[in-house]
Structure formats: C-alpha cells, structure tokens
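Asks: 3D, please:
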Amino acid sequence: MAALVATYAGRMPAPATGRSVARTAEVEAYSLDDYCRKFEDSEDTTATARAQAEKSRDYVDNKHYTAAEIDALKKKGQAPLAIPRIKQKRDFMAGYERKMRTDPKALPRTPKHDKDAEAATDALRFIGESNRFDQIRSAVWDNGYVEGYGGAEVTVEQTPKGEVKVKLIYVPWDRLFYDPHSRMPDFSDARYFGMVIWQDKSDALAMAKTQDARDAIEATMSAGGVVSRTYDDRPTHSWVDNRRTRVRIVQMWCREPGGDWHVVKFTKGGFIDPPSKPFQDEHGRSVPSLVLWSAYVDRENNRYGEVWPMIDMQDELNKRRSKALHLFSTRQTMSEAGAVDDINAAKRELAKPDGHIEINPGFKFEVLKTNDMAVGQFELLQQITAEFDRAGPNASMAGKDQRAQSGRAIIAQQSGGMIEAEALIDGLKDWTRRVYEACWLRVRQFWTAEVWIRVTDDEDNLKWVGLNQQVTLGQALGELQEQDPERAAMVMQRLQLVPGDPRLEQVIETRNPVAEMDVDISIDSGPDVATIMQEEFQQAAEMAQAGVPIPPEMLIELSSLRSTRKKAIKEAMEKAQAAAAQGAQMEAQAKAIETQAKAAKTQADTRKTMADAVNSEIEAMGKGAMLAGAMQPQPMPLGDPNAPPPMQEMAPAI
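Replies: From the prediction side, this is the model:
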C-alpha cells in the first residue's frame, strides 16, 4: 500500500475479552485433559507434514544436506554442491506476490448504503495500513508457498488512552496447530485450531488474572516434559526452558456443536484464561480470531507447499553435478602389486594437471578411461536441469530467457507461465478477503463511539470521514447556515434558540453508524491505493486518457497534491491560459489588420483595374470616333478643290 494516510481518533469501551462462555453441555464437558489431548493429537498426527515443512524451509535456506550426507560425500571425494534453484524460484514468486498486492473495497448491499461503503472502505484501508498488512500478507504467502500453510490473528487492543484498535498479528507457521481431520484449504471444516505462545515466566505471571492461573504456570514450570521440535522455544525441547525460565502457553479455539466458537488459554499445569467468546459476527454468533490458509492438502490431510515437490529434483541436480565434477576431475588406475611404491602418492599425482608417476620396471600399470561415465552423468544433469526449469517459474516467465525474442513473445510466455500460480494466488486472495471481513466485524463490534478517519495527508486541505459521528443541533444549524442562511434563521426563530441554549448540545443524528452499515467486502485486483480519493483520481485520469472531456482543474482537485501545490498549479494554468488568450487576441488582431490591408489593396487594385479599363475604353472610343470622322466626306476648303488637306490637320485622325 501507499504511505499512511489515515488517523484514528475517539475513545471506545474496552473489548469484552473476559466475557464468560455460556456454559453449554459441550463446553462444560471440556477439561484441561481434553484440551491437552486435542493439542497433543494435532502435534502427533501432523508430525510428518511438519517434518516436510521444515525440510522445505531448509532447502529454501540452501541447506540441502544433512551432516551424515556431507561426511559421506567427503569420504568419496565429492563436493557437497548446493545449487540454489529452489530459492531462486521462491524469490521470484515472492516478488510476484508483492506485484499482485490488492486493496479491500466495501460494496453496498442496497442503494441507500452507497456512502456507507465508501466510509467502510476508508476504515478498512486505514486498518490495513496502520498494521502493515502488506508485510503480514507477504509473510503468510511465503509460509504457504514453502511450508504449506500460515495465518494471522485479527484481534483488538486497548491503548492507555482508552482507545480500541483493530490489530493484525502475523502468526508463524511453526506456532500454528490445527485439527488433523481438517482437509479444506481454508480450515473451514476444522473443529479446533490455535497457536503456541512462549513467554518468560515473569511476563506470564504478570498477565495472569487469577491465582489459579498463576498456580498453573508454577505447576507447568515444575512439570517439564518433552515435546516436538516444531513447537519448542529453540533450542529447548520441553514445555519449560529452565535456562530462560520460559513457559509454553497454548491458545486454542474450539467450535461447539451449534457453530459458536470459544477460546481458551492453558498450559500443562492448568488454565491461564477460562473459555470465553470475545468476538462476534454480524449475526451475534461467536467467531475465532485466527484466519488460516493452506496451499495444498494431500489425501492424508497433510498440508504442503510448492517447494516440497521440487526437493527430489533439487537433490538429483545437486548430486548429478557433484558426481559429474568428481568424474571429470579424477582418474581410475589398474596395476599389478608393486607397480608403484606409494599408491596414495600416485593418486595425488594423478589428481594434478601436471602429475607424474614413476612405475617400477616389469609391472603392469594402466590409467582407465572413465569419460563415458562422466559424459553419462553430464547428460543426466542436463535432463534434470531442463526438467527443473519447467517446474514452477522458469527463465521465460522471469524474462531472463537468453534466446532472442520479441517483447510480445516474452509477455505471452510470462502470462502463460503465471497460469500455474493462479491457484495459489486465488487462495491467498480469498484469505485476504477473509482477513478484511474479520477486521470489519471487529469494527462493527468495538467501534461504538465516534471515530474519525483522515483520508488525505494534505495538512492544508484535510478531508475527514466520521464513523458513528454524533451531530448536535448546533452543528446541524451551523451546516444549514452555510447552505441556506434564511432557512437557518427561520428554524432558530421557530425553536426560539439563543446563544448558549443547552438544546444546541443535544445529539439529533448519528452519521455513518457502523452497526447499521450493510456492506460486502471484496478485493480489488488492480494496483493498490491508500484511499478512495486516490482511487477516484486514478479512475478520472484513465477516463481522461480514454477521451472523456474531464477538465484539467478537476483532475488537479482530485489529486493527492498538497493544497499549496494545487494552488500554484492552478495559478500557473490561469497565467498560461491568460497569456494564451492574450496571444490569441493579438494574433487575431494582427490577422484582422492583415486581412483589412489585403482587402484595401484588393480594392485599390480593383479600382485601378476598373480605371484602366475605363481609360482603355475611352481611348478606344476616342480612336474609333476619330476613325469614323476620317471616313466621313470632308468639305473642301476654299481654294483648289482638288488640293489635299494640310499634314498637321490629318495627324489627329491617324
């Protein structure tokens, strides 16, 4: 998830963790021996599965050999090679899980609970972020992938200030036990399960609420006893570690015939906490605080992870490589007795690249060819390496294939390879949803007073969501005053309210009452975000990229930027828009002037053309008139009628 963006305020009553169980016949029949028998039955029956889980973890930690196997290999002259292929595959899947982290989202069951769903979503994301649930989920995923199962506890904690906070606590796999007859991956068919807690004697005595509990701790310290390796306080193997004076306490959840669950805490010597039912679901039935998940369950109800089936391949890979290396670096000889003076010295010389052996005359000495054995081991090594590459995440899925491929081909191979992991991812997703459902049940049960969730870390532009918000008459009138001052004045006049009136402090409404919120919890499959505000911003940004005309100002307002930066961006945008508008105006004016100049020039050219045309026409008309005149008979001047006209008089006619 993103950085913490929520805060908690308000005080709630302390959780009813000490509430007694209704003494049904089933609970009454349970005794300390019954609880101890259940735990020891689980401890004995699941011993094989737990041994496999421990071996799987050793292989992830690159501990592939026992001490006896290492000694045997050294006697043969072979190196105890441990190729970390299992660790590489586990590391890849661990990174894949982090990439697939998800967010909780509350969905309304009816239209009137739409706003309630938003408030519930913010509350759940706050709980997840404040408890670092991403890290808890990754640890549980690692336990499921390697050992086969894991889980977390969803409980509550009262602070010194009287606040009750929902707590998520990771429980390591080797502190969990369960009903060995359970075969469902989510342990929904288990009649009991629980966890082992080791505490210092002083801490256990301080937390004991009764004298009987303190006596039980003292009795356990003096009793001792041998237990299995998985649940011990390493390196001790008993109910008591006398060097640290630590005691093993078992916390067990048991399901009653009617479906209710009760929890009990005990040691070998007696009860620490009596049976109780501290947590309830939305229908008032008691529920356990542990939420468990397992990867695979075999036909014997043994739970195992992805690592266990790869151990045989890892062993063969290690031993084939070690044997091939040994054969490539050693040679076999055959000789008659007395051929060499010192056989061990001769072997040492043969192991050297430049070794030299002196043979006694008359004796047979021969170096045997073992290349066929080395080549055979190498071919088998190549086969098991290829087989190992096909199991789980391979080089193509990790994007490390050395062959030249297109980006589309690499993506296709990665997508195809991830199909194998979808079953595990789906199981983890279901566990995540169940954890958040348990968180919401704790909220409904224990958040009974007013709680405020801050949905942004912008100190200059805070946004708060109130749960169980108590609204007084004065607050309601203040809100109405901002929206409709005239109506607010009419209400105050009708009620005859004056400043300091005690009625102004009366609670008239409870907003976002948690107990009445009717929502379902789902898990988003996209990238995780911290709040509804960030989710809305992402959705708006995606819509804008898709072509929806969303104003940039709205995107800025929905973003998680600080208000000062939002203001600076908006001012810069306004200046840019003003400058752009001014530039556009000046450009328009320049274009208008240019257009007017072009129009004036065009008009002038038109006038000139028209004038030229008129002048040409007039000139043409003039020439025509002169020619027409020249064609008319001219009166002869007085004088000689046959004499031609003078030259200067005929010129204009030409």
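Asks: how about the strands of the stretch 501-650 of the chain, start to end?
Replies: For the stretch 501-650 of the chain, the strands defined by DSSP state E, counting those that start in this stretch occupy 507-511, 519-523.
Asks: Now the weakest link among these, please, by mean pLDDT.
Replies: Least confidently modelled of the strands of the stretch 501-650 of the chain is strand 519-523, at a mean of 77 by mean pLDDT.
Asks: what sits up against that strand?
Replies: Among residues not part of strand 519-523, those counted as contacts by CB atoms under 8 Å, 6 or more residues apart in numbering are 102-109, 113, 116-117, 120, 124, 429, 432-433, 436-437, 440. The C-beta positions use only the backbone N, C-alpha and C, and glycine is treated the same way.
Asks: can you pull the buried residues of that strand?
Replies: Burial within strand 519-523, assessed by neighbour count using 16 or more other CB atoms under 10 Å, is assigned to 519, 521, 523.
Asks: For ChimeraX, what selects the buried ones among the contacts of strand 519-523?
Replies: Listed next is the ChimeraX selection for buried residues among these, using 16+ other CB under 10 Å:
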select :102,103,104,105,106,108,113,116,117,120,124,429,432,433,436,437,440
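Asks: Restricted to helices, list the contacts of strand 519-523.
Replies: Secondary structure from DSSP state H places 116, 117, 120, 124, 429, 432, 433, 436, 437, 440 of these in helices.
Asks: from the residues you listed, which two are the most distant?
Replies: Set against one another by CB to CB, the ones in helices among the contacts of strand 519-523 have their most distant pair in 116 and 429, with a gap of 24.0 Å.
Asks: where exactly do the helices run in the stretch 401-550 of the chain?
Replies: Using DSSP state H, counting those that start in this stretch, the helices assigned to the stretch 401-550 of the chain run over residues 407-418, 422-446, 473-483, 485-495, 532-545.
Asks: What segments of the stretch 201-350 of the chain are helices?
Replies: Applying DSSP H, counting those that start in this stretch to the stretch 201-350 of the chain gives helices spanning 201-207, 211-223, 311-329, 343-350.
Asks: With residue 581 as the reference, name the closest of the ones you listed.
Replies: Shortest separation from residue 581 across those is recorded for helix 311-329, at 70.4 Å, computed as CB to CB.
Asks: CA atoms only for that closest one - export them in CSV, please.
Replies: Presented in CSV, the C-alpha positions along helix 311-329 are these (Å, rounded to 0.1, in the frame of the first residue of the first chain):
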residue,chain,number,x,y,z
ILE,A,311,13.0,-31.3,-3.5
ASP,A,312,13.7,-34.6,-5.3
MET,A,313,14.7,-32.6,-8.5
GLN,A,314,16.9,-30.4,-6.4
ASP,A,315,18.6,-33.4,-4.8
GLU,A,316,19.2,-35.0,-8.2
LEU,A,317,20.5,-31.8,-9.7
ASN,A,318,23.0,-31.3,-6.8
LYS,A,319,24.2,-34.9,-6.8
ARG,A,320,24.5,-35.2,-10.6
ARG,A,321,26.5,-32.1,-10.8
SER,A,322,28.7,-33.2,-7.9
LYS,A,323,29.2,-36.6,-9.4
ALA,A,324,30.0,-35.2,-12.9
LEU,A,325,32.5,-32.8,-11.4
HIS,A,326,34.1,-35.6,-9.5
LEU,A,327,34.4,-37.9,-12.6
PHE,A,328,35.8,-35.1,-14.7
SER,A,329,38.5,-34.2,-12.1
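Asks: Surely residue 438 and residue 290 touch.
Replies: No: at 9.2 Å, residue 438 and residue 290 do not qualify as touching, with contact defined as CB atoms under 8 Å.
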